[in-house]
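Visitor: one predicted model, sequence on top.
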Amino acid sequence: MIHDAELLNALRLHLVPGIGPRTTQTLLEAFGSPARALEATEAELLSVEGIGPKLAKAVRAARVSDEAHAELARCREIGASVTARGTAGYPHLLSQIPDAPAVLYSRGELLPQDEIAVAIVGSRRCTYYGISQAEKIAGGLARAGVTVISGLAKGIDAAAHRAALAAGGRTIAVTATGFETVYPPEHVDLAEQVAAAGAIVTEFKLSQKPLAGLFPQRNRVISGLSLGVIVIEASRKSGALHTARHATEQNRDVFAVPGRIDSAASEGCHDLIRDGAVLIRGVDDVLQHLGPLIRPITVSVGGPSPPGTASTEVKREVRSVAELSLNDQERHVLDQISGDPSHIDAVLTAAGLDPPRVLATLTVLEMKRLVRRLPGNLVVRAP
């Protein structure tokens, strides 16, 4: 199949020692595709900036190597999949960043609703305050239908994953190792739980062990998969600040939870707030700040009911993250308003509620920037 050939060529190039995201991007810009890069002569490869004789020979040798076939076979054995950038199944948000991984390994299932995702990152050596804030915010986001993304590390990351799982929501872990190694090793059980309720993803080959330099590289994927990044308890040397910087470069929102003004554990967060990050006190601050989505996404609203009762979980299409914070009445009134102007009388009739309640709800929706009032008693969904 053509798709299989594209994936194999992308994986062959990806597995060449010494080729990282930037070199891959340079080769693709020079040759247009992994297949063409692999077919290039040594002279053509040497003409590309950053490619020396040793790397050129390695790229040439990758054309006839069986390593990519063996890697895919091993992925099938452990229940993992590999997706090449530019093909179906590759996360849409991640594909938009300049240095997106050429291939993405995943365990679990990535869903379209994961485009409504927020990352939560912070210190490994966190305080009880940091843990409690991570649990509160991650749980609230998960209950609202937002996918929680983090890095499977100790401290804030683990608290965010566990809170999302406890809330019955989706969570994605982005690792700095291959799937044959779980780091830290005490999170083996957590990794399995995340894969069962969401996904674990990585750009690194299956056998990759943890190396210090790979964690900052991993952080751009955490932010790239997210609409925004929340930083909870980060010192001035915290790796979470790398994720915040990547988020800024990727045009993602950056949020920070304040701590005590004399807390060294929160100095990085306070610096972020001083420099323009959004100070948040809870989930509503996040949902209200995130703007309209690039395209409508179907999410689950509500959650599982107690045994023996009907499920309260329903699917609905949302156009803005702010819709996730609406109550039932606000959602009902918003559903009566389309992208074409409607007269308020028509909305009152369609809603089937007392007119004062509908009018008050319209005011709330307008304050949340989900609807706009137009001259002539018309209302319309905000673009």
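Guide: Okay, I see it. Numbers count the residues shown, from 1 in each chain.
Visitor: wait, isn't Ser33 in contact with Asn9?
Guide: Yes - assessed by CB atoms under 8 Å, Ser33 is found in contact with Asn9 at 7.4 Å. (Each C-beta comes from the backbone N, C-alpha and C, glycine too.)
Visitor: settle it for me: which of the two has more neighbours?
Guide: A direct count of neighbours by other CB atoms under 10 Å for Ser33 and Asn9 places Asn9 higher, at 21 against 15.
Visitor: distance of the more buried one relative to Gln336?
Guide: As judged by CB to CB, to the nearest Å, Asn9 and Gln336 stand 51 Å apart.
Visitor: what sits up against the longest helix anywhere in the chain?
Guide: As assigned by DSSP state H, the longest helix anywhere in the chain is helix 128-144. Contacts to helix 128-144, defined as CB atoms under 8 Å, 6 or more residues apart in numbering, come from residues 118, 120, 122-123, 126, 148, 155-156, 159-164, 166-171, 230, 232-233, 257, 259, 265, 280, 282-283, 286-287, 303, 324-325.
Visitor: send me that helix as CSV with only the CA atoms.
Guide: Output of helix 128-144 as CSV, limited to C-alpha atoms (Å, rounded to 0.1, in the frame of the first residue of the first chain):
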residue,chain,number,x,y,z
TYR,A,128,0.9,19.6,48.9
TYR,A,129,-0.5,22.9,47.6
GLY,A,130,0.8,22.1,44.1
ILE,A,131,-0.6,18.6,44.2
SER,A,132,-4.1,19.8,45.3
GLN,A,133,-4.2,22.5,42.6
ALA,A,134,-3.2,20.0,39.9
GLU,A,135,-5.8,17.5,41.1
LYS,A,136,-8.6,20.2,41.2
ILE,A,137,-7.8,21.7,37.8
ALA,A,138,-7.2,18.4,36.0
GLY,A,139,-10.3,16.8,37.4
GLY,A,140,-12.4,19.8,36.5
LEU,A,141,-11.1,20.0,33.0
ALA,A,142,-11.7,16.2,32.5
ARG,A,143,-15.3,16.5,33.7
ALA,A,144,-15.8,19.4,31.3
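Visitor: re the thing from before, now the buried members of the contacts of helix 128-144.
Guide: By neighbour count, with 16 or more other CB atoms under 10 Å, the contacts of helix 128-144 hold 118, 120, 122-123, 126, 148, 155-156, 159-164, 167, 169-171, 230, 232-233, 257, 259, 265, 280, 283, 286-287, 324-325 as buried.
Visitor: just the terminal-to-terminal distance for stretch 175-184.
Guide: For stretch 175-184, the first-to-last residue distance is 10 Å (CA to CA, to the nearest Å).
Visitor: show me what that stretch is in contact with.
Guide: Residues outside stretch 175-184 that contact it (CB under 8 Å, 6+ apart): 75, 78, 80, 105, 107, 151-154, 188, 191, 200-202, 204-211, 214-215, 217-218.
Visitor: quick one, strands of the chain?
Guide: Assigned by DSSP state E, the strands in the chain fall at 80-84, 103-108, 117-122, 147-150, 171-174, 199-202, 228-232, 253-257, 278-279, 292-301, 314-320, 342-343, 371-374, 378-381.
Visitor: I'd like to know which of those has the weakest mean confidence.
Guide: Of all the strands of the chain, the minimum mean pLDDT falls on strand 292-301 (a mean of 67).
Visitor: can you pull the phi/psi pair for the closest residue to Pro210 other than its chain neighbours?
Guide: Distances taken as CB to CB, 6 or more residues apart in numbering place Tyr183 nearest to Pro210, at 4.4 Å, with adjacent residues excluded. Note on Tyr183: backbone dihedrals following degrees, to the nearest 10 are phi -130, psi 130.
Visitor: look up how far Thr177 lies from Tyr183.
Guide: Counting by CB to CB, the gap from Tyr183 to Thr177 is 5 Å.
Visitor: list the ones among the contacts of helix 128-144 that fall in helices.
Guide: Per DSSP H, those map to helices at Ile156, Ala159, Ala160, His161, Arg162, Ala163, Ala164, Ala166, Val283, Val286, Leu287.
Visitor: identify the farthest-apart pair in the residues you listed.
Guide: Spatially, the most separated pair among the ones in helices among the contacts of helix 128-144 is Arg162 and Leu287, at 21.3 Å (CB to CB).
Visitor: now stretch 163-171: how far from the chain's centre is it?
Guide: 15 Å (CA atoms, centre = their mean, to the nearest Å).
Visitor: correction: stretch 38-46
Guide: In terms of CA atoms, centre = their mean, the centre of stretch 38-46 is found 36 Å from the chain centre.
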